[in-house]
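A.B. asks: Here is a sequence together with a model predicted from it:
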Amino acid sequence: MSNPVFNNSAIFGEPKRARTGQGAAGTVQQNPAYGTPPQQAQYGSYGAQTADAATLDAMYNAPTATTADTKRLTYDDVIVKTGGLLALLVVVAAGSWQLVDTMPFIWIGGAIIGLVLGLVNAFKRNPSPALIVAYTIAQGAFLGGISKYYDSMVINGVQLNGVVLQAVLATVVTFAAALFLFKSGKVRVTPKFTRWLLIAMVGYLAFSLVNMVLIMTGVLDGWGARGGGWGIAIGLIAVGLAAASLIVDFDSIKRGVEAGVPAKFAWSAAFGLMVTLIWLYLEFLRLFAILQSSD
């Protein structure tokens, strides 16, 4: 797993061997995610419980229970909640875009609060819709501000134009492409794939932190080690990592649906997708800015 939102979840994590317990009726399989399975009814001195013919006939003719009826996770749950969070993100980002000139602290505060809430949500065993919504609002404030900053940026006498729209379109197209590759089976999520992705992401994170420190201390200026052709290559690698992370997210959600996890974990799935999509958008934003400033 690469996304900590899914990786730290006992629900979306790698399937584990079920525990077994010995009961009166023999060996009973027990899934730790759902607790102890129901035991057979004990009748004893109370006598056998019976149902009349009409009740049995009604039960036989009743439609088969769906995942919605049993309160289990469905793809529709994930789609609805992800769509709602994305809509909220866009609305808040649009407001932040308009206010950032007079209230520049909005996007800086959004970045800090979003980071804290992101870590809190990532390591919670049970999802908190309120905290996930709060994270979305904070990230919307941050994205609106930083997008306005990039849109008005002048580098080496070059005015950046259209980088925000380009980044949005590229993010949507990449999401669709990753979903297509996953559903078509052309890209399979294997232990080797996730292990490679984890190593690559750790290496990229270390590089980014070192680059940021060198820029902040004045050792490097501009984009630091990400300027010119080298910076473009690093940007493309980062976009590839984010796209691969999306595919791993899709696989985690698929396993959650197939395992019949509780419907409340649709919030966790939506949050995990939001984290990856925001990362992907920021990488595209920086990549297009570097491309324009290198012309």
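C.D. replies: That came through, no problem. The structure displayed is predicted, hence computed values, not measured ones.
A.B. asks: can you give me the strands for the stretch 51-200 of the chain?
C.D. replies: 154-155, 158-159 (DSSP state E, counting those that start in this stretch).
A.B. asks: Just the buried residues of stretch 203-221, please?
C.D. replies: 204, 211, 215, 220 (16 or more other Cβ atoms under 10 Å). For glycine as for every other residue, the C-beta is placed from the backbone atoms N, C-alpha and C.
A.B. asks: hmm, I was thinking of stretch 135-148
C.D. replies: 135-148.
A.B. asks: now swap in stretch 92-103 and tell me
C.D. replies: Buried residues in stretch 92-103 (16+ other Cβ under 10 Å): 92-93, 96-97, 99-100.
A.B. asks: Likewise for stretch 252-268?
C.D. replies: Those would be 252-253, 255-257, 260-263, 265-268, for stretch 252-268 by 16+ other Cβ under 10 Å.
A.B. asks: could the residues you listed be laid out in CSV, adding secondary structure and pLDDT?
C.D. replies: Below are those laid out as CSV (DSSP: H, G, I helix; E, B strand; the rest coil; pLDDT from 0 to 100):
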residue, secondary structure, pLDDT
Ser252, helix, 93
Ile253, helix, 94
Arg255, helix, 93
Gly256, helix, 93
Val257, helix, 93
Gly260, coil, 90
Val261, coil, 92
Pro262, strand, 94
Ala263, helix, 93
Phe265, helix, 93
Ala266, helix, 95
Trp267, helix, 95
Ser268, helix, 94
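A.B. asks: centre of the chain versus stretch 72-84, how much separation?
C.D. replies: 12 Å (Cα atoms, centre = their mean, to the nearest Å).
A.B. asks: Provide a list of residue ranges in the stretch 51-200 of the chain with pLDDT below threshold.
C.D. replies: By pLDDT under 70, the low-scoring segments of the stretch 51-200 of the chain are 51-70, 155-158.
A.B. asks: Could you pull out the helices in it for me?
C.D. replies: 53-61, 75-99, 105-122, 129-151, 163-184, 191-216 (DSSP state H, counting those that start in this stretch).
A.B. asks: winner for burial among those?
C.D. replies: helix 129-151 (a mean of 21; mean count of other Cβ atoms under 10 Å).
A.B. asks: helices and strands around that one, which ones?
C.D. replies: helix 75-99, helix 105-122, helix 163-184, helix 266-293 (3 or more Cβ pairs under 8 Å, 6 or more residues apart in numbering; DSSP states H and E).
A.B. asks: and those as TSV, adding distance to Thr190?
C.D. replies: Shown next, in TSV, are the helices and strands packed on helix 129-151 (distance: least, Cβ to Cβ, whole Å):
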stretch	distance to Thr190
helix 75-99	22
helix 105-122	24
helix 163-184	13
helix 266-293	19
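A.B. asks: out of the ones you listed, which comes closest to Gly235?
C.D. replies: helix 266-293 (3.6 Å; Cβ to Cβ).
A.B. asks: Would you mark the buried spots in that closest one?
C.D. replies: For helix 266-293, the buried set under the neighbour-count rule, 16+ other Cβ under 10 Å, comprises 266-290, 292-293.
A.B. asks: chain center to it, what's the gap?
C.D. replies: 10 Å.
A.B. asks: ditto for stretch 164-180
C.D. replies: 15 Å.
A.B. asks: Can you give me every residue that contacts Ile199?
C.D. replies: By Cβ atoms under 8 Å, 6 or more residues apart in numbering, the contact set of Ile199 is empty.
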